[in-house]
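K.L.:
fold the following and give me the result.
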Amino acid sequence: MKEKVTTFTFDPETSLSRKGFSGLFRFLKGFRIIYILSITFLTFAMTAKTTTYILLRFFIDKVLGEKREPYWYPLVAGGFILLALFQGVCTFLSGKFAARTAEGIIQRLRNYLYNHLQNLSFSYHDKTNTGELIQRTTGDVDTLRRFYSEQAISLGRVLLLFIINFIAVININLKLGLISVVVVPLIVLVSTLFFRVISKRYQEFQQQEAKLTTTLQESLSGIRVVKAFARNKFETEKFDRDNSEKFRRGKRLIYLHSAFWPITDLLCGFQMLAGYLTGAFMTINGTITIGSYLAYSGLLIWIIFPMRMLGRLIVETSKAKVSYGRILDIIEHKPEAIFSGKKKRINSINGEIIFKDVSFTYDKKTPVLNGINLTVKPGTVVALLGHTGSGKTTLVNLLPRFYEYTEGSILLDGEELKNYSKEFLRRIIGIVEQEPFLFSLTIAENIAYGVPGKKTTQEEIVRAAKAAAIHDSIISFPKGYETLVGEKGVTLSGGQKQRIAIARALLKNPKILILDDSTSSVDTETEQKIWEALETLMQGRTTFIIAHRIQSLMKADIICVLDKGSIIQQGSHDELLRREGIYRKIYDLQSRIDEELETEVKNA
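P.N.:
Modelled structure (predicted):
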């Protein structure tokens, strides 16, 4: 029978604390009873272990020393067996509950982190390396998993072992008990000093590991560019440098560990030697019995062992504290409020958009957009033209509120754009990016991706694919629409990926359509087919087109030429051709290039 997975509603933000240990143990919320059960059974197991030595003392001093009746032998033997069985069962149950605690906490944390990352703002993901996020949500989370499955439980084990066995030794002889813990302050001091140093070194190690992950992720994601420019050697050398730095920091971390363990082992060794010698002299002097000494010899091991482990636990816990802090850096970023706004659900949108003196800056210093004024009537096709960095993509990114304009006003159907919830805006706006991303799903699933919560029929998917001029290519595949697409669509050509992304946006049936240079990856013939389909589909929709080829923009109702974040020319194709300016220069240049290419093809 499959075990039912128990989940708990828990917001890690309630556990935020830069005091790492406090936050780490607050994460136990929802699993505290299970954790207490683990510690309880661990207490029983440790008590049984200690009782074994007390029983040994009884056997030596009372049964053998007083030469009691033979029936005591099987009774004592049975006692040892029962204690061993009881200890084994309790240890098993303790481990089981500890595993449930650790895996449950980490499952919950992983789910929360993934959901949290999905809801962080567009600007956050723009500024944060993907490799860094991968490292924090995998490597650092796994460090916490080891903490909860090992260190958190071991901390309870160490304390219980020490307390139970120390009480048992004091019961044998107070002086002997005090001598047995002389080095405890020294071990705590050494461990605290190492804790501070190792925390810093481990932080540096994790940062370098994240950098290495980023290098690997970027190299694999851009493998086509790497091969196209024959940069294999450069990327290999870059990875080797990052990997060598990780090796250097890891080696330094291991050296610290290598220095720490012998010191604590040496202190514990002196402690055991002092304890055994003191116990032996006390036995010779008749202060304690032989049975007491034998029991003490076993109990001393379980007093020294916790002291030895305590130092290691303190050092290992420093890693969890560092990883907790790195995860905390993500959790502390507030998710964007996509449902907030006065206008959350509107039955119909006409699509009139008015920009009034709109300005925007990323860093509050250098303006990316400056004084944008533009009136777009419902169903109007607006084309944006300009060199790289002129602000075209930034301008359209303001519409779904990926970024918030810093000055001015944008009105959608007469209502301030910021009054609409982000969820609503992103539901009515369809976007085809300059670099389309396809998921590792079937082609049909990729096309239907933009309409969540709605059961899409095969006919609707095919209709969108035909409109995007990709249907014929899809049915040429052996599995047709059920063909699996690899990461970023590596099994498809650039033009095919672009057209599938267009089909995805068209199936969404958006009221506002944004085409961000979406025909840049297709040939002239395919581009013509797409525009023929789009001319019909853009009717009744407010559409923004970003392109570099004027041939793609000529039929737009309004063409805006941007330069340094400002609109420097605005009008129809014919109007702009009659004026002196950048648009006419670009048109003349592109026309001349097309004529030269056509001439070369004819003469070839």
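
K.L.:
so what's the closest residue to residue 110 other than its chain neighbours up against?
P.N.:
Excluding its sequence neighbours, the residue lying closest to residue 110 (Cβ to Cβ, 6 or more residues apart in numbering) is residue 141, at 6.0 Å. All C-beta atoms are positioned from the backbone trio N, CA, C, and that covers glycine. Counting by Cβ atoms under 8 Å, 6 or more residues apart in numbering, residue 141 touches 106, 109-110, 113, 323, 327.

K.L.:
among those residues, which lie within helices?
P.N.:
By the criterion of DSSP state H, membership of the contacts of residue 141 in helices covers 106, 109-110, 113, 323, 327.

K.L.:
now the contacts of residue 141: which count as buried?
P.N.:
106, 109, 113, 323, 327 (16 or more other Cβ atoms under 10 Å).

K.L.:
strands along the protein, start to end?
P.N.:
353-361, 367-376, 381-385, 407-412, 415-416, 429-432, 512-516, 542-546, 558-563, 566-571 (DSSP state E).

K.L.:
other residues contacting the fourth one?
P.N.:
Spelled out, it's strand 407-412. Residues contacting strand 407-412 (Cβ under 8 Å, 6+ apart): 349, 351-360, 371-372, 398-399, 416-417, 420, 425.

K.L.:
now it, how far from the centre of its chain.
P.N.:
35 Å (Cα atoms, centre = their mean, to the nearest Å).

K.L.:
related to what we said a few turns ago, want to throw the strands of the chain into JSON lines with mean pLDDT, mean neighbour count and distance to residue 502?
P.N.:
Shown next, in JSON lines, are the strands of the chain (pLDDT from 0 to 100; neighbours: other Cβ atoms under 10 Å; distance: least, Cβ to Cβ, whole Å):
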{"stretch": "strand 353-361", "mean pLDDT": "92", "mean neighbour count": "18", "distance to residue 502": "21"}
{"stretch": "strand 367-376", "mean pLDDT": "91", "mean neighbour count": "18", "distance to residue 502": "21"}
{"stretch": "strand 381-385", "mean pLDDT": "91", "mean neighbour count": "24", "distance to residue 502": "15"}
{"stretch": "strand 407-412", "mean pLDDT": "92", "mean neighbour count": "18", "distance to residue 502": "24"}
{"stretch": "strand 415-416", "mean pLDDT": "90", "mean neighbour count": "14", "distance to residue 502": "29"}
{"stretch": "strand 429-432", "mean pLDDT": "86", "mean neighbour count": "23", "distance to residue 502": "5"}
{"stretch": "strand 512-516", "mean pLDDT": "87", "mean neighbour count": "24", "distance to residue 502": "8"}
{"stretch": "strand 542-546", "mean pLDDT": "90", "mean neighbour count": "25", "distance to residue 502": "12"}
{"stretch": "strand 558-563", "mean pLDDT": "91", "mean neighbour count": "21", "distance to residue 502": "21"}
{"stretch": "strand 566-571", "mean pLDDT": "91", "mean neighbour count": "17", "distance to residue 502": "26"}
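
K.L.:
next, name the residue at the spatial heart of this protein.
P.N.:
residue 137 (3.3 Å; Cα atoms, centre = their mean).

K.L.:
quick one on the thing from earlier: between all of the contacts of residue 141, which two are separated the most?
P.N.:
With Cβ to Cβ as the measure, no two of those lie farther apart than 110 and 323, at 13.3 Å.

K.L.:
which regions of the stretch 151-300 of the chain sit below the pLDDT cut-off?
P.N.:
224, 228-229 (pLDDT under 70).

K.L.:
what average pLDDT does stretch 90-103 get?
P.N.:
Averaged across stretch 90-103, pLDDT comes to 88.

K.L.:
now that stretch: buried residues?
P.N.:
90-91, 93-95, 97-98, 100-102.

K.L.:
now do the same contact list for the closest residue to residue 90 other than its chain neighbours.
P.N.:
In space, and not counting its chain neighbours, residue 90 is closest to residue 45: 3.8 Å by Cβ to Cβ, 6+ apart. Taking Cβ under 8 Å, 6+ apart, we find residue 45 in contact with 86-87, 90-91, 94.

K.L.:
10 Å instead, please
P.N.:
Neighbour list for residue 45: 86-95, 157, 160-161 [criterion: Cβ atoms under 10 Å, 6 or more residues apart in numbering].

K.L.:
quickly note the distance from it to residue 307.
P.N.:
19 Å (Cβ to Cβ, to the nearest Å).

K.L.:
one more: residue 367?
P.N.:
63 Å.

K.L.:
same check, this time on residue 421
P.N.:
Taken as Cβ to Cβ, the span from residue 421 to residue 307 is 59 Å.

K.L.:
now do residue 300
P.N.:
For residue 300 relative to residue 307 (Cβ to Cβ), the value is 11 Å.

K.L.:
equivalent analysis for residue 55, please.
P.N.:
Residue 55 is 24 Å from residue 307, by Cβ to Cβ.
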